[in-house]
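> Mind looking at a prediction? Sequence and model below.
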Amino acid sequence: MQMTMRWFGPKEDKIPLEHFRQVPGVEGVVGALYDVPVGDVWPTDKIEALVGQAHAAGLTMEVIESVNIHDDIKIGAPSRDRYIDNYKQTIRNLAQYGVKVICYNFMPVFDWMKTDMNYVLPDGSLTMAFEKHGVDKSLEEVVKEVLDNSNGFALPGWEPERLAKVQELFARYADVDDDKLRENLFYFLRAVIPVCEEVGVKMAIHPDDPPYSIFGLPRIVKNHADLTLICDTVNSPANGITLCTGSIAEDPDNNVYEILADLTRRGRLHFAHVRNIKIIKDKDFYESAHPSQYGSLDMFRVMKALHDNGFDGYIRPDHGRFIWGETGRPGYGLYDRALGVTYLLGLWEALEKAKQ
Ligand SMILES: [Mn+2]
């Protein structure tokens, strides 16, 4: 298992790489290029510079999150083959610089959705929350609220120029139902997985956030059955999963422990996002501090499911709260994520030693 943290690059992230290095147990950062338009090939010089910075700071960069999928691929537009060819080239380019895992998602329009970016917890810390009544508004209002509350930081998957045309984007997805979207995912995977096998890269799809339909959009990565179908349809170890405990648990019907155990046992869990959430009521929740006592997930059982089934992939705390006066990109402060790392590694050490 390799512990990592997400880093948004020298321009987009105000946390210096050295600070990640100083978090005990963190071996690598998960990175991405943010100045390449979605659908374009990631140029080798930019990849080299990005990976080189991590190495210079004594950190690995073996996971990329994300190489986003162009809408034309998700929609199944005639131009998709060109974008898939570009994606294949990006995979080859990343492999050349030691990248082993590519995290991606296959959600239409929005990569994730929260309705409150600055939800105040009783201890005064700030976190992100999702409450259903928060999406009972017009699309434009919801988009505006998220973008206006990003504290001035670009949000992954929320490119303002793309979302400025949110109605147009929705119109393009009008004929794409679950079955169509699934077909388009499989078409994409059948094309890219052989390249991954050739160059030693693993694809790892992230579950939908939230794992149920919002605004009538299709959803195909929302539960154990969906994840199993994806793995089985293109049955290669290079076709795997990023299991995000926080996302998958947003649907209380999902048994996150069983899903983790099963995917790990099958060798298809390549990357784990481990965080806790607190269900407020029904499917409303906020992102809590990592320890079990603060959320609805039992983090010991989460780590035990990974540990007891031989997890050997990459892991990172996902989001953190803002504590100790820290400000920045919502979900991605240093302090609370670092506490998360320490807690998760503490659980892991206990599991290891209990076995001896
Ligand atoms: Mn996640």
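Right, received. Where do you want to start?

> gap between stretch 316-324 and the chain center?
In terms of Cα atoms, centre = their mean, to the nearest Å, the centre of stretch 316-324 is set 14 Å apart from its chain centre.

> What average pLDDT does that stretch get?
Averaged over stretch 316-324, pLDDT sits at 95.

> before we move on, what about stretch 71-87?
Per-residue scores along stretch 71-87 average to 97.

> Does the helix or strand hosting residue 161 pack against any helices or strands, and if so which?
Assigned by DSSP states H and E, residue 161 falls within helix 160-163. Using 3 or more Cβ pairs under 8 Å, 6 or more residues apart in numbering; DSSP states H and E, the elements in contact with helix 160-163 are helix 139-148. For every residue, glycine as well, the C-beta is placed using N, CA and C.

> List of residues touching the helix holding residue 161?
38, 109, 143, 147, 169 (Cβ atoms under 8 Å, 6 or more residues apart in numbering).

> could you dump it to CSV, C-alpha only?
Extracted in CSV, the C-alpha atoms of helix 160-163 (Å, rounded to 0.1, in the frame of the first residue of the first chain):
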residue,chain,number,x,y,z
PRO,A,160,-16.3,27.6,-15.6
GLU,A,161,-16.1,28.0,-19.4
ARG,A,162,-17.7,24.5,-19.8
LEU,A,163,-20.4,25.1,-17.3
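
> For burial, what's the neighbour tally of residue 88?
Per other Cβ atoms under 10 Å, the neighbour tally for residue 88 reads 18.

> Just to be sure, it is in a strand?
No. Under DSSP: H, G, I helix; E, B strand; the rest coil, residue 88 falls outside any strand and is assigned helix.

> how much space between it and residue 81?
10 Å (Cβ to Cβ, to the nearest Å).

> Nearest to the middle of the chain, which residue? Look it up for me.
residue 206 (5.3 Å; Cα atoms, centre = their mean).

> isn't it right up against residue 102?
No. Between residue 206 and residue 102 there is no contact under Cβ atoms under 8 Å: 10.7 Å.

> joint contacts of the two?
With Cβ under 8 Å, 6+ apart as the test, residue 206 and residue 102 both reach residue 66.

> Tell me which residue of the stretch 101-250 of the chain lies closest to the ion.
residue 244 (3.2 Å; Cβ to the ion).

> quick one: contacts for the closest residue to that residue other than its chain neighbours?
Residue nearest to residue 244 in three dimensions, not counting chain neighbours: residue 273, with 3.8 Å by Cβ to Cβ, 6 or more residues apart in numbering. Listed by Cβ under 8 Å, 6+ apart, the contact partners of residue 273 are 206, 242, 243, 244, 245, 246, 247, 315, 316, 317, 318.

> Name the member of those with the most neighbours.
residue 243 (30 neighbours).

> That residue should be in a strand, yeah?
Yes. The assignment for residue 243 by three-state DSSP puts it in a strand.

> Contact partners for it?
Residue 243 touches 207, 227, 256, 259, 260, 263, 269, 271, 272, 273, counting by Cβ under 8 Å, 6+ apart.

> Give me the subset of those residues lying in strands.
Per DSSP state E, strands hold the following members of those: 269, 271, 272, 273.

> As TSV, the residues you listed with pLDDT and distance to the ion would be great.
Output for those, formatted as TSV (pLDDT from 0 to 100; distance: Cβ to the ion, whole Å):
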residue	pLDDT	distance to the ion
269	98	13
271	98	9
272	98	9
273	97	4
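
> Do a quick rundown of the strands in the stretch 251-356 of the chain.
For the stretch 251-356 of the chain, strands defined by DSSP state E, counting those that start in this stretch occupy the ranges 269-274, 277-281, 284-287, 314-317.

> hmm, who's touching the second one?
With contact meaning Cβ under 8 Å, 6+ apart, strand 277-281 is reached by 129, 131, 246, 249-250, 252, 285-288, 294-297.

> and if you look at the third one?
Taking contacts as Cβ under 8 Å, 6+ apart, the residues outside strand 284-287 that touch it are 116, 119, 121, 127-132, 246, 250, 275-280, 296, 319, 321, 331.

> Are any of these buried, and if so which?
By neighbour count, with 16 or more other Cβ atoms under 10 Å, these hold 116, 119, 121, 127-131, 246, 250, 275-279, 296, 319, 321, 331 as buried.

> taking those residues one by one, which sit in helices?
residue 246 (DSSP state H).

> Of the buried ones among the contacts of strand 284-287, which ones also sit close to the ion?
Among the buried ones among the contacts of strand 284-287, no residue is within reach of the ion (Cβ under 5 Å from the ion).

> Give me the average confidence score over stretch 116-125.
Rounded mean pLDDT across stretch 116-125 is 92.

> One more: stretch 38-47?
On average, stretch 38-47 scores 97.
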